[in-house]
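[1] Predicted model and sequence below, questions to follow.
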Amino acid sequence: MEVDCGRIRDHDIGKEVVLNGWCRYIRDHGGLLFVDLTDRYGTTQLVFEGALKKEAEELGKEYVISVTGVVDKRDSDTVDASNPTGTVELRVKSFKIINKSKVIPFEITEEKEKFLPSDDLRLKYRYLDLRRKKMLRNVEFRDKITKTIRKFFWDEGFLELETPILVKDTYDASGSRTFITPSRMHKGKFYGLPQSPQVYKQLSMIAGLDKYFQVAKVFRDEDPREDRQPEFTQIDLEVSFKDEKYIQNLIESMFKRVFDEVMGEKLEVPFPHIDYLDAMRMYGSDKPDMRFDNVLFDLTDEMSKSDYNIIKKVISAGGRVKALKFPADMGKKSQKIDKKKILELVEIAKNLGLKGLTWVYVVDGKIESDPPSIAASLAGISGQIISKLDAHEGDLVLIGSDPSENVLLAAMSKIGRVVGLVLRQTKKKYAFLWVDKFPLFEKDEVTGELQPMHNPFVAPTEETEGLLDSAPEKVLGKRYDLVLNGMEIGGGSLRIHNPDMQRKVLSKMGLSDAEIERSLGFLIEALSFGAPVHGGIALGFDRVVATLSGEYDIRDFILFPKNRKFESPLDGSPDYVSDKRLQDDYDLSVKNEKKS
């Protein structure tokens, strides 16, 4: 009987079985040779003795073998309680080496987890890295969630559709960099790789396919960032004749099923909501981590009346002052946040561009500081600060200031989250949040021109639609983001379904009629053939899986990811293509590139 390495149990004692797998541990005990044979399903201890022991001495780590043997009970003092097969072992009768292995470049055993090699070495030998139990668990966890989500949408009457990968490049309209690939048959022309199925799922709605979902591979030619990959997976959906509430309720129900069936936990729904402008004002971020009460307090008016000249200079330059309050167990008498830890936070603030970060404590109803000169400069407004923050004995207050409000908000939000993640305990393991009503446009920091905050297909709200001509920067969109533990895991909106409105929004971005026609003329034409009200959402599936698992490196949940430079050490991509091939097949050439 052929079985998996993780399946045999006490009830199999006496049975003859066949196992196939990799030799993970090898231990020579003189008269006996023990080998832990491993496959995807688990590990079984093999026992070689007598003449077979001599033959088995040629086995090496990660050799692939097939063995036949009899299941036997282990001696009580050798039972491995941590292993489901740990009460039994296989007395080998015969074995065959299927394939040998070179000396592995790093240890695969769980005991070596803390001594993992560099990221690039792991990625170069990703097929070995994936043999580790932790990585296997990640792959299986992702698979379970994928199956649950697919079943959920099928049960809700959704069609699983496939949108194309080779599409029209819409860089002019989106403003985001897409990967492009040349056409051999149409020399000088290019396909774009989709940043999302956005346009094609809208076309599906126009086609009358009113409930669509897809586990979609998408591509973005963006700069490297910790939680970003050039290709990743989205759970994408679109519906017709529904509003934002329907879509949000649907996603909440989807996550509720994932928690029930995969996580084994109960998820509280509905999720809380906050408008974008309120999120920025209260937390300095459009993706606040609601596991922690990191509300920002504005102390600009109070600090302008103090004797703290450093901050007053920032205020006089048009800057603002924000403060974070942390409870007494992290304040003056805390071992969690000592001066060394605060100086680390100051260094984080500097790296984020913040001009100043000050810390004070509440002691005996007044403000104290180290050095005392800071508290002295704030003595006149000490009571006002304590009152505004509702601060109590022992509380720690971090005060940040900067001429740029964007820098200030981003830095203080980051600092609050760092303190929360590293030093604070929370009963909330998962904190979901809907962020609603984003501005339709934002100004480019360099050119000052309007650009879509998310994409140019978001429908404006009825209350602000009339401002498109007079004050487009004040127009709000029917846009919603889903945040989990301070990570944006999804975003969606109701779409523009009127062709004239779509043209108008694109023109507000500065696109000419010719540019609109070239980039999205085909969509606008489709909207003119009776487009329904429609909307949807895209969930960053890699982020979802990583966050639900309690991890934050999405690469550990992608089978073959790129490194932090978006290179693949495994296959050496991206790589050069020969000049001859470029010229002959695509009529292209590459200039000023040093090839090696």
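    Noted; the coordinates are in hand.

[2] Which secondary structure element of this structure has the lowest mean pLDDT?
    helix 171-174 (a mean of 68; mean pLDDT, DSSP states H and E).

[3] Outside of stretch 32-44 itself, list whatever touches it.
    Stretch 32-44 has contacts (Cβ atoms under 8 Å, 6 or more residues apart in numbering) with 4-8, 19-28, 45-49, 53, 56-57, 59, 65, 67, 83-85, 88-90, 131, 136. For glycine as for every other residue, the C-beta is placed from the backbone atoms N, C-alpha and C.

[4] what do you get if the cut-off is 6 Å, keeping everything else the same?
    4-6, 19, 21-27, 45-49, 53, 56, 85, 90 (Cβ atoms under 6 Å, 6 or more residues apart in numbering).

[5] Spell out the residue ranges of the helices in the stretch 151-300 of the chain.
    171-174, 198-206, 244-258, 276-283, 300-304 (DSSP state H, counting those that start in this stretch).

[6] Nearest to residue 164, out of the ones you listed?
    helix 198-206 (6.6 Å; Cβ to Cβ).

[7] helices or strands next to the closest one in the packing?
    strand 231-240, helix 513-527 (3 or more Cβ pairs under 6 Å, 6 or more residues apart in numbering; DSSP states H and E).

[8] Could you rerun that using 10 Å?
    helix 171-174, strand 211-219, strand 231-240, helix 513-527, strand 534-540 (3 or more Cβ pairs under 10 Å, 6 or more residues apart in numbering; DSSP states H and E).

[9] Return the subset of the contacts of stretch 32-44 lying in strands.
    The strands, defined by DSSP state E, take in 19, 21-27, 45-49, 90 from the contacts of stretch 32-44.

[10] how about low-confidence regions in the stretch 201-350 of the chain?
    329-337 (pLDDT under 70).

[11] Repeat that for the chain.
    110-114, 172-175, 329-337, 422-427, 592-596.

[12] if we can go back for a sec, report the buried members of the ones in strands among the contacts of stretch 32-44.
    By neighbour count, with 16 or more other Cβ atoms under 10 Å, the ones in strands among the contacts of stretch 32-44 hold 19, 21-24, 26, 45-48, 90 as buried.

[13] With respect to residue 168, which of these is nearest?
    When those are compared against residue 168 (criterion: Cβ to Cβ), the nearest one is residue 22, at 46.6 Å.

[14] Show me what that closest one is bridged to.
    Beta-bridge pairing for residue 22 (DSSP bridges): residue 38, residue 64.

[15] Please apply the same query to the one 5 residues further on.
    Legend: beta-bridge partners of residue 27 under DSSP bridges are residue 34.

[16] Now do the contacts for it.
    Residue 27 sits next to 33-36, 45 when contact means Cβ atoms under 10 Å, 6 or more residues apart in numbering.

[17] So how do I select the buried members of those residues in ChimeraX?
    In ChimeraX, a selection of the buried entries from those looks like this (16+ other Cβ under 10 Å):
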select :33,34,35,36,45
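
[18] and of the contacts of residue 27, the nearest to residue 525?
    For those, the nearest to residue 525 is residue 36 (63.6 Å; Cβ to Cβ).

[19] now the closest one, nearest residue through space, not along the chain?
    residue 25 (4.0 Å; Cβ to Cβ, 6 or more residues apart in numbering).

[20] shouldn't that neighbour be in contact with residue 60?
    No - the criterion here is Cβ atoms under 10 Å, and residue 25 misses it with residue 60 at 11.7 Å.

[21] Make a markdown table out of the buried ones among the ones in strands among the contacts of stretch 32-44 and add distance to residue 577.
    Below are these laid out as a markdown table (distance: Cβ to Cβ, whole Å):
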| residue | distance to residue 577 |
| --- | --- |
| 19 | 46 |
| 21 | 40 |
| 22 | 37 |
| 23 | 41 |
| 24 | 40 |
| 26 | 45 |
| 45 | 50 |
| 46 | 48 |
| 47 | 54 |
| 48 | 51 |
| 90 | 51 |
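
[22] out of these, what pair is the most spread apart?
    22 and 47 (17.3 Å).

[23] Show me the helices in the stretch 1-150 of the chain, by range?
    Under DSSP H, counting those that start in this stretch, the stretch 1-150 of the chain gives helices at 50-56, 119-124, 126-129, 133-155.

[24] how far is stretch 69-78 from where the chain is centred?
    45 Å (Cα atoms, centre = their mean, to the nearest Å).

[25] can you count the residues close to residue 160?
    12 (other Cβ atoms under 10 Å).

[26] How about the contacts made by the nearest residue to it once chain neighbours are set aside?
    Spatially, and ignoring its direct neighbours in sequence, residue 160 is nearest to residue 213 (5.9 Å; Cβ to Cβ, 6+ apart). The contact partners of residue 213, by Cβ under 10 Å, 6+ apart, come to 149-150, 152-154, 156, 158-161, 201, 235-239, 254, 536.

[27] For residue 573, list the residues it contacts.
    Neighbour list for residue 573: 562, 566-567 [criterion: Cβ under 10 Å, 6+ apart].

[28] ok, and the closest non-adjacent residue to residue 200?
    Nearest non-adjacent residue to residue 200, counting by Cβ to Cβ, 6+ apart: residue 163, 3.9 Å away.

[29] The residue lying closest to residue 18 once chain neighbours are set aside: how many residues sit nearby?
    Distance criterion Cβ to Cβ, 6+ apart; nearest residue to residue 18, sequence neighbours excluded, is residue 2 at 4.3 Å. Number of residues near residue 2 (other Cβ under 10 Å) recorded here: 9.

[30] Check the gap between residue 2 and residue 62 for me.
    Between residue 2 and residue 62 the distance is 21 Å, computed by Cβ to Cβ, to the nearest Å.

[31] same question, residue 325
    For residue 325, the distance to residue 62 - Cβ to Cβ - is 54 Å.

[32] more neighbours, these two?
    residue 325 (24 against 18).

[33] Pretty sure the more buried one sits in a helix.
    No - the assignment for residue 325 (DSSP: H, G, I helix; E, B strand; the rest coil) gives strand, which keeps it out of a helix.

[34] Now it. Nearest residue, chain neighbours left out?
    Nearest one to residue 325, counting by Cβ to Cβ, 6+ apart, is residue 389 at 4.8 Å.

[35] list the contacts for the one you found?
    295, 297, 299, 323-325, 362, 395, 397.

[36] Tell me who's in contact with the nearest residue to residue 178 once chain neighbours are set aside.
    In this structure, residue 178 finds its nearest non-sequential neighbour in residue 192, 4.4 Å apart by Cβ to Cβ, 6+ apart. Listed by Cβ under 10 Å, 6+ apart, the contact partners of residue 192 are 165-171, 174, 177-181, 219, 221.

[37] does residue 192 have beta-bridge partners, and which?
    With DSSP bridges as the rule, residue 192 is bridged to residue 167, residue 180.

[38] Quick check: residue 74 touching residue 8?
    No - using Cβ under 10 Å as the test, residue 74 is too far from residue 8 to be in contact (11.6 Å).
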